[in-house]
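Colleague: Here is my input, please return the structure:
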Amino acid sequence: MPGQGKTTLAKKVYKDPQVQYHFHRIAWCYVSNQCKAIELLKEIGRVLIGTNNASKLELADLVDWLRKSFKKKRYLIVMDDIWDVELWYQVKGSFPNDSNGSRILFTTRNHDLASGVDLHCISHRLRLFSKEESQELMEKKLFQGNGGAQAELLEISKLIASLCEGLPLAVALSSSILCRTERQPDLWFEVALNLKTHLASEGCGKVIELSYKYLQDHLKSCFLYLGSFPRGASICTSELKQLWIAEGFIKDDEMHCSEDLANEYLDNLVSQNLVVLVEKSSLGGIKKCNVHDLLYDFCLEKAKEENFLSWSEESLIMDSCKFTPRRCSQYRLSIRTDDPFIMEKSVCVRKELPTSQVHSYLWFHPTHTLNFWFAESFRVLKVLNLEQVYLECDRFPQLILFNIHLKYLVLNFGYRQIECIPWSIGNLWNLETLIVIAKQLDDPLPDSMWKMKRLRHVKLCRFRLGLWSEEFGENDSFMGNHIETLGELDLGLYDSKTTEFLRKLPNLKKLHCHIEDKERFRMWFSLFGSLTQLQSLFIDGDFYEPPSSVSPPPFNFSKNLKKLSLWGLYIPWSRMSMIAKVLPDLHVLKLANEACVGSRWNLEDGDFPKLKYLKLDHLNVEEMDASGCDDNPFPCLEQLFVKNCHKLKDIPSFFEEIYTLKTIQMIGSSCEANDSARRILSSQQEMGNNDLQVFILRESNSNTYRLSHVADNNLKLPDWRTNLLPDSRRRIRNKIMETLWRCVPFFCGSGELKEIKKIATKFEDKIYTVATSQEEYLRKISLKMLTMEENRTPHYIVP
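Modeller: Numbering: from 1, shown residues only. Okay, the predicted model is just below:
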């Protein structure tokens with residue numbers, strides 16, 4: 001039964017840090033009832049191996065390629081919402097059973113699937129909520145569990161909770177309907193009557209229908225648009241909001257700009273349980289989201305009913321008799337198929353509807369083959385997203401430049417260098433968002449780019465500005481004053497024209513730039529202060545050695561800056577306090593790849609008073625010193641992320657007094673630094689901060705990161721480790737060596753003794769690091785040794 005919480009439970013297991021540590025490779029794949037074996041394996045290859053090379057392989061080659069990739073690796077694969085056991089039989093050859101603890105986790109609505117998959121498959125059937133549990137969840141969502149609700153409203157909410165028949169999703173959606181309804185008993189009772197009428201016969205689907213009915217009109221199109229993305233996809237919200245704006249769902253008003261309204265709309269959909277928050281940004285906003293399976297089905301059904309959207313699996317796209325001008329008014333096409341010739345098959349659109357009203361064309365399935373004929377037919381196209389189409393060329397497709405109504409354009413050239421953005425890009429005078437994915441642009445951008453008065457977001461591969469004519473710089477043809485996002489700008493050698501260009505962007509909010517001129521890079525810093533609306537700044541210094549100039553740059557940043565990322569700039573640590581004074585409202589600070597140099601970071605009183613997120617990555621700093629401070633630095637810090645700062649000796653003790661702290665994450669740090677993080681956790685818990693989590697990870701030889709210890713509210717590591725005698729560990733390692741000698745066939749000669757000892761030591765140390773109690777330590781050792789005995793292979797010592 002859908003809506004029970006199967007996916008939610010699986011995600012809690014999947015995201016558990018100890019689970020993430022235990023497996024070498026993990027991947028989450030959404031399956032659905034229409035998924036094909038080849039699509040599933042390609043997705044695993046893309047997510048797990050981190051490559052799109054699999055998109056050209058046939059099924060048999062994919063199975064063989066993945067099997068080799070998984071060989072001798074301990075992996076966890078989650079297949080969410082699998083329907084058919086035949087699909088498993090087609091892909092199971094990709095997953096070798098090396099008896100090393102690898103696992104496949106299914107969620108399914110088919111209770112018989114478990115026995116069909118494997119006789120030894122362990123199944124867990126979720127029960128429905130009890131009446132009391134449903135009422136408790138409803139009360140928590142409506143009244144925050146404070147018990148301050150009117151008695152009559154509380155009784156009505158209990159009645160509605162009991163109507164949900166124990167389905168958590170139904171409870172959540174019903175509560176969101178009540179949240180949008182004025183808190184008057186008669187209005188709530190009307191909602192209860194509506195739900196009672198339909199829930200018994202139609203189940204959770206009617207709750208979704210009512211949730212949509214009670215939704216404000218301006219949110220309905222935004223919600224239905226989520227159906228254009230693939231089922232189960234994690235949706236990047238920055239792109240989603242730009243798509244909403246391009247589609248015309250959101251417009252500026254006198255009080256708010258469209259981006260602010262888009263944020264508000266998304267927050268509303270999340271708060272009403274129609275959209276699921278997947279990941280938060282460092283600034284605390286919504287970075288990624290998705291849609292529950294039942295809600296996704298409703299999106300597709302309602303979108304089809306209202307002629308809002310068509311997708312590649314639907315027969316509409318293949319059946320010419322169903323393509324009529326009436327059905328194609330304001331049409332949107334979403335392609336999610338492994339057939340690269342899908343649009344050639346729909347040639348009927350081109351023949352029968354030369355003036356087709358297709359407004360959006362979104363391609364979400366990886367492919368290398370695409371015919372751009374649609375650019376001639378879809379003359380009113382507003383949105384073209386080809387992020388998953390890897391264009392095998394080094395030139396900008398010219399046919400696209402005739403679609404003058406385009407507002408949103410994404411092209412992907414993979415890791416190729418492309419020649420240029422053509423001058424005729426200026427023909428797309430309605431364009432608001434331009435995203436080009438490639439390695440680099442060879443030629444500078446044309447002047448015509450900056451005559452496009454509606455252009456707001458420019459996200460290109462590394463590009464240079466053109467040296468435009470004097471007339472262009474002096475007259476009013478420059479229209480770049482609306483640009484809000486610009487990346488990745490290659491500043492190159494310092495010149496006055498580039499400085500002039502940046503000063504002509506008064507509304508720029510987000511800038512990602514590269515600086516190559518290491519001897520004069522301080523001059524670039526002098527102009528960032530002129531960008532008064534700048535909120536996010538990423539400066540990447542492409543220096544292979546520190547600049548020879550001893551004079552550090554002036555930090556003339558905008559007071560509105562909320563997020564600052566610095567890479568490879570070799571700034572002395574002594575200058576960081578100057579940045580803190582210039583940016584008192586900074587919320588996010590990321591320092592990486594020798595952004596700062598020196599062994600000591602001397603912090604001053606109240607440095608970064610509003611900072612919430614601090615990231616230190618690949619830095620040679622040895623000490624963070626706040627001994628001379630009366631007021632602690634970072635008083636509002638919530639997240640500390642330290643990665644590959646191998647020389648850092650410890651996390652300063654003043655972090656024990658930052659009670660806003662929620663997360664400390666350590667990757668590849670020294671033992672001393674890790675111990676100091678544990679000390680901070682213990683001290684914070686003693687002071688009542690039980691929300692703090694400490695994650696300590698170590699860098700493996702394969703350049704992947706594995707969790708070696710999670711410190712949570714029940715941490716007792718210092719106690720049990722202290723009580724464990726060194727001689728006990730030595731005896732345990734000897735037992736492991738004996739077991740290895742008996743059970744592992746290739747250890748068959750006296751020359752292997754050193755190797756056995758090495759493996760046994762590493763084996764024991766790993767469990768010793770992970771275990772949270774002596775009982776768990778001994779239990780895991782025993783289980784591992786028992787597993788080796790059970791899988792024992794007879795072998796013979798050759799004299």
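Colleague: C-alpha from now on. contacts and neighbour counts both.
Modeller: Will do.
Colleague: For burial, what's the neighbour tally of the residue nearest to residue 504 when sequence neighbours are not counted?
Modeller: In space, and not counting its chain neighbours, residue 504 is closest to residue 481: 6.2 Å by Cα to Cα, 6 or more residues apart in numbering. For residue 481, the neighbour count with other Cα atoms under 10 Å is 20.
Colleague: before we move on, what about residue 190?
Modeller: Residue 190 has 11 nearby residues by other Cα under 10 Å.
Colleague: if I look at it, how far off is residue 182?
Modeller: Using Cα to Cα, to the nearest Å, we find residue 190 at a distance of 11 Å from residue 182.
Colleague: related to what we said a few turns ago, wait, a helix at the residue nearest to residue 504?
Modeller: Yes: secondary structure of residue 481 (DSSP: H, G, I helix; E, B strand; the rest coil): part of a helix.
Colleague: List the contacts of it.
Modeller: Each residue near residue 481 by Cα atoms under 8 Å, 6 or more residues apart in numbering is listed here: 453, 504, 505, 506, 507, 508.
Colleague: And residue 128, by the same measure?
Modeller: Applying Cα under 8 Å, 6+ apart, one finds that residue 128 lies in contact with 4, 165, 166, 167, 168.
Colleague: and the two most separated of the residues you listed?
Modeller: Longest distance between any two of these is 10.5 Å, between 4 and 165; criterion Cα to Cα.
Colleague: Look at residue 462 and tell me its secondary structure.
Modeller: strand.
Colleague: rewinding a little: now for residue 190 and residue 182: what residues contact both?
Modeller: By Cα under 8 Å, 6+ apart, no residue touches both residue 190 and residue 182.
Colleague: before we move on, back to that, among the contacts of residue 481, who's most crowded?
Modeller: Result: residue 508 is most packed of the contacts of residue 481 (other Cα under 10 Å), 24 neighbours.
Colleague: which residues does residue 617 bridge with?
Modeller: Beta-bridge pairing for residue 617 (DSSP bridges): residue 592, residue 643.
Colleague: quick one, what contacts it?
Modeller: Taking Cα under 8 Å, 6+ apart, one finds 590, 591, 592, 593, 641, 642, 643, 644, 645 in contact with residue 617.
Colleague: Can you tell me which of these is nearest residue 608?
Modeller: Closest approach to residue 608 among the contacts of residue 617 (Cα to Cα): residue 590, at 12.7 Å.
Colleague: can you list the domains in this protein?
Modeller: Annotated domains of the chain cover 6-117, 131-213, 217-300, 720-790 [automatic domain parsing].
Colleague: out of the ones you listed, which comes closest to residue 598?
Modeller: When the domains of the chain are compared by Cα to Cα, domain 217-300 sits nearest residue 598, at 26.4 Å.
Colleague: Now do the end-to-end distance for stretch 285-300.
Modeller: End-to-end distance for stretch 285-300, by Cα to Cα: 27 Å.
Colleague: just to revisit the earlier point, narrow the contacts of residue 481 to those in strands?
Modeller: When DSSP state E is applied, these are split such that none fall in strands.
Colleague: where does the stretch 651-799 of the chain dip in pLDDT?
Modeller: Regions of the stretch 651-799 of the chain meeting the criterion pLDDT under 70 cover residues 698-728, 741-755, 787, 789-799.
Colleague: With residue 447 as the reference, name the closest of the domains of the chain.
Modeller: Closest approach to residue 447 among the domains of the chain (Cα to Cα): domain 217-300, 23.7 Å.
Colleague: Not counting sequence-adjacent ones, nearest residue to residue 28?
Modeller: residue 78 (4.8 Å).
Colleague: partner strands of the helix or strand where that neighbour lies, parallel or antiparallel?
Modeller: Using DSSP states H and E, the element containing residue 78 is strand 75-80. Strand 75-80 pairs in its sheet with strand 25-30 (parallel), strand 103-106 (parallel), by DSSP bridges.
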